[in-house]
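Q: how would this look folded up:
(one chain, ligands or ions: 1)
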Amino acid sequence: MVIKVYGPAYASSKRLMLCLAEKGIEFEPVPIDLFKGEHKTPEFLELQPFGQVPVIQDGDYTLYESRAIIRYYAEKYKSQGTDLLGKTMEERGVVEQWVEIEAHNYHPPILDMTMHISFASKLGFTQDEKLINESEEKLGKALDIYEKRLSESKYLGGEFFSLADLSYIPMTEYLVGPIEKEYMIRDRKHVSIWWDEISNRPSWKKIQQL
Ligand SMILES: N[C@@H](CCC(=O)N[C@@H](CS(=O)(=O)O)C(=O)NCC(=O)O)C(=O)O
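A: Below you'll find the model as predicted:
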């Protein structure tokens with residue numbers, strides 16, 4: 001049974017598509033147009049009561065929250081494709097730490113900047129310059145911590161690519177692309193090297209075609 005991935009091919013939905021690609025797991029994208037409110041229909045809310053994407057349906061198993069989904073598949077298919085969790089519990093702990101840090105210190109400021117820089121006019125709200133600046137400052141502080149970590153370790157989770165790095169890719173795409181803040185990556189030597197490494201993975205290039 002092919003996994004159905006409900007969501008647009010960007011941001012959090014792309015996070016799990018990337019994980020499935022790294023694991024060599026086939027999936028069927030089911031586009032959900034947020035701008036048309038397709039994530040707020042009664043049918044979709046049956047699937048995901050918070051009205052957010054992504055959601056997966058794997059047979060009669062349904063799961064939402066992108067980071068829960070990538071952990072599920074990384075564990076379920078640990079010996080298939082790229083091992084994204086590390087070999088020991090201690091490595092796993094460090095991987096989980098950086099996945100959580102992304103969720104709380106990286107994704108939110110980039111999302112706020114993206115919404116206000118790229119979508120304010122389209123969605124009809126006033127661009128909040130103060131929020132953009134505060135978000136950029138918060139992100140800069142996080143990136144300085146990543147710079148130190150990546151000066152000591154090739155990847156965030158250790159000397160192996162893992163969920164800790166994978167989880168960052170979709171929102172970093174916004175940072176270096178649509179919101180034109182690539183300098184925040186390029187001004188940090190080790191973060192820049194890391195970004196070039198992880199964004200050149202075949203899985204990411206494959207997902208970009210969607
Ligand atoms: N923590 C959730 C957040 C998902 C999320 O914020 N999804 C956005 C779309 S995107 O930011 O990933 O592109 C959404 O559904 N937004 C619509 C809404 O929140 O009403 C996850 O990681 O799955």
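Q: show me the domain layout of the chain.
A: 3-76, 89-209 (automatic domain parsing).
Q: could I get those in TSV, plus columns for distance to the ligand and mean neighbour count?
A: No exception for glycine: its C-beta is placed from N, CA and C like everyone else's. As requested, the domains of the chain are exported to TSV (distance: least, Cβ to the nearest ligand atom, whole Å; neighbours: other Cβ atoms under 10 Å):
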stretch	distance to the ligand	mean neighbour count
domain 3-76	3	18
domain 89-209	6	17
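Q: including mean pLDDT, could the ones you listed go into JSON lines?
A: Formatted as JSON lines, those follow (pLDDT from 0 to 100):
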{"stretch": "domain 3-76", "mean pLDDT": "97"}
{"stretch": "domain 89-209", "mean pLDDT": "97"}
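Q: just the strands in the chain please.
A: 3-6, 27-30, 55-58, 61-64 (DSSP state E).
Q: which neighbouring elements make contact with the longest helix along the chain?
A: Looking across the chain with DSSP state H, the single longest helix is helix 129-152. On a contact count with 3 or more Cβ pairs under 8 Å, 6 or more residues apart in numbering; DSSP states H and E, helix 129-152 meets helix 107-118, helix 183-186, helix 189-199.
Q: report the contact partners of the nearest residue to I69 once chain neighbours are set aside.
A: Distances taken as Cβ to Cβ, 6 or more residues apart in numbering put L16 closest to I69, at 4.7 Å, once the chain neighbours are dropped. Applying Cβ atoms under 8 Å, 6 or more residues apart in numbering, one finds that L16 lies in contact with V5, P54, I56, S66, I69, I70, Y73.
Q: swap in 6 Å and give it another go.
A: P54, S66, I69, I70 (Cβ atoms under 6 Å, 6 or more residues apart in numbering).
Q: now do A11
A: P170.
Q: just the pLDDT for L210.
A: Listed pLDDT for L210 reads 84.
Q: is it true that it touches G7?
A: No: L210 is beyond contact range of G7, at 10.7 Å (criterion: Cβ atoms under 6 Å).
Q: sorry, back to before: what sits up against the longest helix of the chain?
A: By Cβ under 6 Å, 6+ apart, the residues outside helix 129-152 that reach it are N105, Y106, P109, D112, M113, H116, M184, R188, H190, V191, W194.
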